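Asker: got a sequence here, can you model it:
(one chain, ligands or ions: 2)
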Amino acid sequence: MKFSELGLNDELLKAIKRSGFEEATPIQEQTIPLALAGKDVIGQAQTGTGKTAAFALPILQNLEKQHNTIQALIIEPTRELAIQTQEELFRLGRDEKARVQVVYGGADIGRQIRSLKKQVPAILVGTPGRLLDHLKRKTIDLEAVNTIVLDEADEMLDMGFIQDIESILSYVKNRKQTLLFSATMPKPILHISEKFMNNPEIVRIKAKELTADLIDQYFVRAKDSEKFDIMCRLIDVESPDLAVIFVRTKRRVDEVNRGLQARGYNAAGIHGDLSQARRMSVLKRFRAGKLDILVATDVAARGLDISGVTHVYNYDIPQDPDSYVHRIGRTGRAGQNGMSVTFVTPNEIGYMRTIEQLTKKKMEPLRPPSDDQAFRGQLKVAKSKIEDLMKEDLSKYTQDANELLENYSAVDLASALLKNLSKDSSKVEVKISSEKPLPYKGGGRRSGGGRGRGHYGHGSRGGHGSRGGYRGGDRNHRGGDRAHGHGGYRGDRSRRSGGGHNFVIKNKKD
Ligand SMILES: Nc1ncnc2c1ncn2[C@@H]1O[C@H](COP(=O)(O)OP(=O)(O)OP(=O)(O)O)[C@@H](O)[C@H]1O
Ligand SMILES: [Mg+2]
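Answerer: Ligands and ions are numbered 1, 2, ... in the order given. Purely as a prediction, here's the structure:
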């Protein structure tokens, strides 16, 4: 459906056009008219299907610009998500000069207070802790707030946050509308939410599966001690544009990140113990394609919208099945394809089952690539780099090149170049400390489990189809130096994931 049929004003339609959105997604189509009409809404739809704009657009339209009060409050579970949402609101509300501000922890509160004093925002986005801090200091006034949004609502109403949310709500004396959005909405939470909502309309986008349709989901059975080497080989063969690796603990983030760097990958880690400045700079570099791999705890599992994430690796399987849905949802967004690989140790099979029951989708077994296949993957990347180099002006090297050619054969020189540009990563030994395993959860056997279908046995040699099919030319402007080396394997995948989804998001990347 066209956005123009949803009752949005011209400024917003202009901003939508500028964003490159051609058609409203199903969640937008169904919730925007309800929210515009002032109804309470619970919106559940797959990751990456535009839930942010689904609440942002009606809020922007319903603002009384001349009122110098906070009229809408959006609560987000993480600082990064708060920032991202503020940015999207700012982008969409630019033509109307909507005043949007964001407050989050780990940043200088004095500065936030000064900025709130200078200009009262019409829309405030924030994380619960920092919002409460401001409320206690009386540096924000929520009396005039009409609309409250709980993004990632199930998380906000779960044990960790519910008390904070209740406290915040107690300051919003004239709340007229409550909007809840998430990709997951477990029943008990739904019940909680209905208690403080007013006759909410529940919009649940019916999809065959809970996870986004465009994500191919695999699992690898491996012992904890084997995971790191296997993952490196997978990365070599897959050569993701951008990958997110989720691990269970902060220590693991640091260790896996250091291990990847030692093997020559362009990685960085993010977790809650890092300074906010560090977290922001890592994410900024990742968004800009200056980093290829982000190693993260669940702090990055929800909501982050980073275009070009082609792969999600669950180095550690999540304990909570909802978390799986959000984690892998960092790929396969806005109509793009994606792939997820979840490592499962023998005693974690039960967790995988629980996940599959929730998602209604089976993960396909994936056989770990051999060292040789990984090496071939590396070489393919190196060759691609050489091809790029050949396009540059090399004239000032000619004389020395000729000197080298007098002493060495062209084959030896090319081999040396390949050696230099590829990292034979298996040579660097990396040991990741073991973590307490998840408590055993029965599972039983599963046919085919762990043996894989042998994707790498064929296809990865074929020169044809290189860079083929899967993401088109879109990847070229990513700066990452590993962004090369598509092979027959990908071509294979693009065929597989062709028609699986039941709606299409059209956007500028198509
Ligand atoms: N109608 C549309 N057409 C094309 N792209 C869109 C449309 N609406 C939103 N997008 C883009 O889709 C991407 C994902 O949107 P968004 O982050 O809002 O997803 P989400 O549903 O909130 O996902 P999550 O559950 O992970 O939070 C964003 O880059 C956004 O700009
Ligand atoms: Mg979201």
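Asker: near ligand 1, which residues of the stretch 101-250 of the chain?
Answerer: Ala183 (CB under 6 Å from any ligand atom). In short, each C-beta sits where N, CA and C put it, glycine included.
Asker: ignore the last one, the stretch 301-450 of the chain
Answerer: 303, 305, 329, 333-334.
Asker: from the residues you listed, which is closest to ligand 2?
Answerer: Gly303 (4.1 Å; CB to the ion).
Asker: shouldn't Asp216 be within a strand?
Answerer: Yes. Counting by DSSP: H, G, I helix; E, B strand; the rest coil, Asp216 is part of a strand.
Asker: wait, it touches Gly338, no?
Answerer: Yes. Using CB atoms under 8 Å, Asp216 is in contact with Gly338, at 7.3 Å.
Asker: give me the more crowded residue out of those two.
Answerer: Legend: neighbour count by other CB atoms under 10 Å for Asp216 and Gly338, higher for Gly338 (25 against 20).
Asker: residues in contact with the residue lying closest to that one once chain neighbours are set aside?
Answerer: In this structure, Gly338 finds its nearest non-sequential neighbour in Thr331, 2.9 Å apart by CB to CB, 6 or more residues apart in numbering. By CB atoms under 8 Å, 6 or more residues apart in numbering, Thr331 lies in contact with 215, 244, 309-312, 338-340.
Asker: can we see that at 7 Å?
Answerer: By CB atoms under 7 Å, 6 or more residues apart in numbering, the residues touching Thr331 are 215, 309-312, 338-340.
Asker: can you say which of those residues are buried?
Answerer: 215, 309-312, 338-340 (16 or more other CB atoms under 10 Å).
Asker: those residues into TSV, with extra columns for secondary structure, distance to Ile16 and pLDDT?
Answerer: Below are those laid out as TSV (DSSP: H, G, I helix; E, B strand; the rest coil; distance: CB to CB, whole Å; pLDDT from 0 to 100):
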residue	secondary structure	distance to Ile16	pLDDT
Ile215	strand	26	95
Val309	strand	23	97
Thr310	strand	26	97
His311	strand	30	98
Val312	strand	28	98
Gly338	strand	24	96
Met339	strand	30	97
Ser340	strand	30	98
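Asker: CSV for these, including distance to Gln46?
Answerer: Output for those, formatted as CSV (distance: CB to CB, whole Å):
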residue, distance to Gln46
Ile215, 9
Val309, 15
Thr310, 18
His311, 18
Val312, 14
Gly338, 12
Met339, 16
Ser340, 14
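Asker: so which of the residues you listed is the closest to Lys223?
Answerer: Comparing the buried ones among the contacts of Thr331 against Lys223 with CB to CB places Ser340 closest, at 20.3 Å.
Asker: the closest one - nearest residue in space that isn't next to it in sequence?
Answerer: Ile328 (4.0 Å).
Asker: which residues of the chain lie near ligand 2?
Answerer: With CB under 5 Å from the ion as the criterion, the chain meets ligand 2 at residues 51, 303.
Asker: pLDDT score for Gln357?
Answerer: In this model, Gln357 is scored at 95, pLDDT.
Asker: host element of the residue in the chain sticking out farthest from the centre?
Answerer: What lies farthest from the middle of the chain is Glu406; by CA atoms, centre = their mean that is 51.6 Å. Assigned by DSSP states H and E, Glu406 belongs to helix 398-407.
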